[in-house]
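**Student:** starting from these lines, generate the structure:
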Amino acid sequence: MNPFWYYFYNIVCIPLIYLGFVVGRVFSPKIRSGIIGRRNNFDRLREAMKSLSGGGLRFWIHSSSMGEFEQAKPLIERLKSAFPSCSIVVSFFSPSAFDNINNYDYADHLCYIPFDSKKNAKIFISLIKPDVAIIVRHDLWPNHLEQLKKNNIRSLLVNCSLRSSFWLRVGPFVQLYRYFDMICTVSSETELYLRDINRNGKRVQFTGDTRYDRVVDRAKESKSITSSLQKLKKGRRVLVAGSTWPEDEDIVLRAVTSLIRSGIKLWLILVPHEPTEERILQIRQKLSNIKLKSSLFSEISKNPNLPSDVLIVDRVGILANLYSLGDLTFVGGGFGPGVHNVLEPAVFGKVVLFGPKHKNSYEAGQLKKFGVGFSVSTSNELYKIVYELLVDSKILSEKGRVAEKIVVNNVGATERIVSIIKEIVKRS
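**Tutor:** Residues are numbered from 1 along each chain as shown. Predicted structure coming up:
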């Protein structure tokens with residue numbers, strides 16, 4: 001990294017980021033949870049590394065949050081198969097992942113990535129001592145990347161998805177991508193763009209997206225999770241709205257109310273992005289105000305006959321399987337920070353709807369291109385598309401088959417990335 005930007009980052013940006021966390025913890029339970037979770041992080045890591053002192057390769061894999069961790073899973077599991085004696089340390093930035101992973105046998109240690117000061121990064125990398133570092137998607141921290149470079153540790157960025165942007169071409173941003181020995185992109189468009197801004201085009205390769213591999217794997221598990229809910233459909237059509245934010249829910253609930261009033265027998269399965277007690281209470285209050293009955297997923301096991309127009313899922317980790325229940329699906333984030341994973345419903349042959357902020361998702365663009373993904377900006381637009389598709393089952397079924405085919409035709413990224421890692425290890 002250019003010395004000017006490196007010193008600017010550490011002298012100006014790091015104190016401001018730290019101050020932001022200190023202030024933010026007062027207002028945000030999520031930030032507070034992340035700070036508390038990092039206490040004694042190095043002590044736990046130091047103890048864990050003592051038990052991993054074998055002779056096999058050591059991989060450090062970093063995922064920002066739960067979504068990126070799901071993308072990492074096929075890679076982690078394939079690495080364990082390709083290198084049976086290896087050990088894998090998985091780190092997270094967000095508590096949304098760290099706090100919700102109970103057991104994951106393929107990882108030898110799970111931890112938080114520390115705050116990105118020079119001192120913390122030096123300690124963290126010196127404790128893990130990875131042979132290869134793998135960053136999933138875009139959670140790039142300059143001091144940690146600098147330590148990898150100083151210690152001659154091979155590094156890869158996988159599932160990289162970028163669009164041409166002025167800000168990515170200037171100053172420190174473009175330089176962050178030059179740290180890596182290899183960048184594996186999700187599309188040929190990103191490959192060409194990075195080859196243009198990267199000084200060494202040989203370090204960029206289009207491999208595809210491991211999310212395709214992951215959603216195909218998860219689809220095989222769906223029946224064991226959703227079988228108990230099948231009987232609750234009671235002849236109704238089902239709309240599954242997943243990873244929703246409050247802005248998404250306002251649009252979806254207005255459309256669902258209109259659909260029910262128009263005579264469509266509809267059951268909404270609503271899966272909020274972060275199902276905290278506060279969020280669940282807010283959603284139930286909204287439903288009460290528009291006179292829709294609601295029940296919680298956690299209540300179903302105790303009372304399977306509980307009547308509801310809307311099932312609110314107050315459990316994490318099962319959304320990808322719940323999409324299989326839908327006649328139609330809506331993926332949240334498109335009215336907020338950006339649409340979430342549209343491949344999870346597509347693998348089941350489901351048409352996918354989402355909000356206008358979807359340029360962050362290459363896959364959403366592909367679904368739109370083939371007419372099986374629809375961007376909506378208002379509840380009225382959502383109502384019209386859902387109504388038209390539900391009353392024409394033939395078209396809905398045809399579009400569903402196209403959606404599934406898009407996913408199936410794009411599997412294989414994991415194997416291509418592992419092949420690259422094998423070559424990197426061979427050269428080390």
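**Student:** and the helices in the stretch 151-300 of the chain?
**Tutor:** 171-176, 188-197, 210-219, 222-230, 246-261, 277-289, 297-300 (DSSP state H, counting those that start in this stretch).
**Student:** what's the least confident stretch among these?
**Tutor:** Mean pLDDT per stretch puts helix 222-230 lowest among the helices of the stretch 151-300 of the chain, at a mean of 75.
**Student:** okay, angle between it and helix 210-219 too, please.
**Tutor:** Per axes from the mean of the first three to the mean of the last three C-alpha atoms, to 10 degrees, the angle that helix 222-230 makes with helix 210-219 is 60 degrees.
**Student:** ok, and what's touching helix 222-230?
**Tutor:** Ile269, Ile300, Ser301, Pro304, Leu311, Ile318, Ala320, Asn321, Leu322, Ser324, Leu325, Phe348 (C-beta atoms under 8 Å, 6 or more residues apart in numbering). (Glycine included, C-beta is placed from N, CA and C.)
**Student:** and among the helices of the stretch 151-300 of the chain, the most buried is which?
**Tutor:** helix 210-219 (a mean of 23; mean count of other C-beta atoms under 10 Å).
**Student:** how far does that helix sit from the chain's center?
**Tutor:** Relative to the centre of its chain, helix 210-219 is centred 12 Å away, using C-alpha atoms, centre = their mean, to the nearest Å.
**Student:** so what does that helix touch, helix or strand wise?
**Tutor:** Under the contact criterion of 3 or more C-beta pairs under 8 Å, 6 or more residues apart in numbering; DSSP states H and E, helix 210-219 touches helix 66-82, strand 154-160, helix 319-322, helix 343-346, helix 393-408, helix 413-427.
**Student:** re earlier: just so I know, which of the helices of the stretch 151-300 of the chain lies nearest Met182?
**Tutor:** Distance to Met182, taken as C-beta to C-beta, is lowest for helix 188-197 among the helices of the stretch 151-300 of the chain, at 11.0 Å.
**Student:** who's in contact with Trp5?
**Tutor:** Gly171, Pro172, Gln175.
**Student:** any idea how far the last one is from Gln366?
**Tutor:** For Gln175, the distance to Gln366 (C-beta to C-beta, to the nearest Å) stands at 30 Å.
**Student:** same thing with the second one?
**Tutor:** With distances taken as C-beta to C-beta, Pro172 is found 31 Å from Gln366.
**Student:** one more: the first one?
**Tutor:** Gly171 sits 31 Å away from Gln366 when distances are taken as C-beta to C-beta.
**Student:** where do the domain boundaries of this protein fall?
**Tutor:** 3-208+412-427, 218-408 (automatic domain parsing).
**Student:** how distant is stretch 190-208 from the center of its chain?
**Tutor:** The answer for stretch 190-208 is 23 Å, by C-alpha atoms, centre = their mean.
**Student:** how about stretch 205-213?
**Tutor:** 14 Å.
**Student:** now tell me what touches it from outside.
**Tutor:** 70-72, 74-75, 158-159, 161, 182-188, 190-191, 341, 343, 362-363, 407, 410-414, 416-417, 420.
**Student:** before we move on, the earlier item: and of the contacts of Trp5, the nearest to Gly37?
**Tutor:** Pro172 (27.8 Å).
**Student:** low-confidence ranges in the stretch 251-400 of the chain?
**Tutor:** For the stretch 251-400 of the chain, applying pLDDT under 70 flags the ranges 304.
**Student:** including distance to Val136, could the helices of the stretch 151-300 of the chain go into JSON lines?
**Tutor:** Shown next, in JSON lines, are the helices of the stretch 151-300 of the chain (distance: least, C-beta to C-beta, whole Å):
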{"stretch": "helix 171-176", "distance to Val136": "15"}
{"stretch": "helix 188-197", "distance to Val136": "15"}
{"stretch": "helix 210-219", "distance to Val136": "8"}
{"stretch": "helix 222-230", "distance to Val136": "24"}
{"stretch": "helix 246-261", "distance to Val136": "25"}
{"stretch": "helix 277-289", "distance to Val136": "26"}
{"stretch": "helix 297-300", "distance to Val136": "28"}
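**Student:** looking at the ones you listed, which is nearest to Leu57?
**Tutor:** Using C-beta to C-beta and comparing the helices of the stretch 151-300 of the chain, the one that lies nearest Leu57 is helix 210-219, at 19.5 Å.
**Student:** report the angle between that closest one and helix 413-427.
**Tutor:** Using the same axes, to 10 degrees: helix 210-219 against helix 413-427 is 120 degrees.
**Student:** then helix 210-219 to CSV, C-alphas only?
**Tutor:** What follows is helix 210-219, C-alpha atoms only, in CSV (Å, rounded to 0.1, in the frame of the first residue of the first chain):
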residue,chain,number,x,y,z
THR,A,210,-19.3,-20.6,-4.3
ARG,A,211,-22.8,-19.6,-3.3
TYR,A,212,-24.1,-21.7,-6.2
ASP,A,213,-22.4,-24.7,-4.7
ARG,A,214,-23.6,-23.9,-1.2
VAL,A,215,-27.3,-23.4,-2.1
VAL,A,216,-27.3,-26.7,-4.0
ASP,A,217,-25.8,-28.5,-1.0
ARG,A,218,-28.4,-26.8,1.3
ALA,A,219,-31.3,-27.7,-0.9
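**Student:** that helix to helix 393-408, inter-axis angle?
**Tutor:** Going by the same axes, to 10 degrees, helix 210-219 makes 120 degrees with helix 393-408.
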